[in-house]
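K.L.:
Got a sequence here, can you model it:
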Amino acid sequence: MPKAYKVTKRTVMFDKENPREVYTVLPVTYGTLTTDDVAQQIAAESSATPGDVKNVLDRYAYYVKENLKKGYAIQLLGFGVLNIRFLRGKAVDNADKANASLIRGLVPGFSPSFTMVNGTRKYDLLPDKIQLVKFNGSLPGDGEGSSEPSDPSEEPTDPIV
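P.N.:
Have a look, this model is predicted:
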């Protein structure tokens, strides 16, 4: 399974007189699938209707939020653990001053599930092998070209993960 990336240029200021252009790579996504899209995919492979699947997913989301509100961390099968993280202000030098006023906000926290293989994390959400390919400007199946590399500089790398 290929994962596309694009090359981006940034200007880094090492000091006021010496800007430097550097290049890096960023992942490319081909869009976002909605819950309806996923419900259609699941229904196509089961005896449940898309509406049945959507109802289950809706209830799942509801109970995840309800249980987070109650203070639980939630183990999401095959994904990882979801919890609530604090955005904190500065630390204080006295335990008596450490209270809820240090919390600036709440955000969802997520730790992906993994297994250790030869001392390396293997994340459950990722496919076994991913090939990196340089994004050629078109989406898979859009008719403007193949998602396959078109020149040798865009050949897939060795599989990662």
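
K.L.:
use CA for all of it now, contacts and neighbours both
P.N.:
Noted.

K.L.:
other SSEs contacting the helix ranked longest in the chain?
P.N.:
Looking across the chain with DSSP state H, the single longest helix is helix 50-69. Packed against helix 50-69 by the contact rule (3 or more Cα pairs under 8 Å, 6 or more residues apart in numbering; DSSP states H and E) you find helix 35-44, strand 74-76.

K.L.:
Low-confidence ranges, this protein, go.
P.N.:
Counting by pLDDT under 70, the chain shows low-confidence ranges at 1, 140-161.

K.L.:
rerun that using 50 as the cut-off
P.N.:
For the chain, the stretches flagged by pLDDT under 50 are 143-154, 161.

K.L.:
hmm, what's the outermost residue in it?
P.N.:
residue 96 (38.4 Å; Cα atoms, centre = their mean).

K.L.:
any idea whether that residue is helix, strand or coil?
P.N.:
When classified by DSSP: H, G, I helix; E, B strand; the rest coil, residue 96 comes out as helix.

K.L.:
out of all of them, which strand in the protein is the longest?
P.N.:
Ordering each strand of the chain by length in residues (DSSP state E) puts strand 2-13 first.

K.L.:
Check the offset of it from the chain's centre.
P.N.:
With Cα atoms, centre = their mean, to the nearest Å as the basis, strand 2-13 stands 18 Å off its chain's centre.

K.L.:
ok, back up a step: where's the residue farthest from the centre of the chain relative to residue 102, distance?
P.N.:
Taking Cα to Cα, to the nearest Å as the criterion, residue 96 is separated from residue 102 by 12 Å.

K.L.:
same check, this time on residue 70
P.N.:
Taken as Cα to Cα, the span from residue 70 to residue 102 is 21 Å.

K.L.:
Compare the two (neighbour count), which wins?
P.N.:
residue 102 (15 against 9; other Cα atoms under 10 Å).
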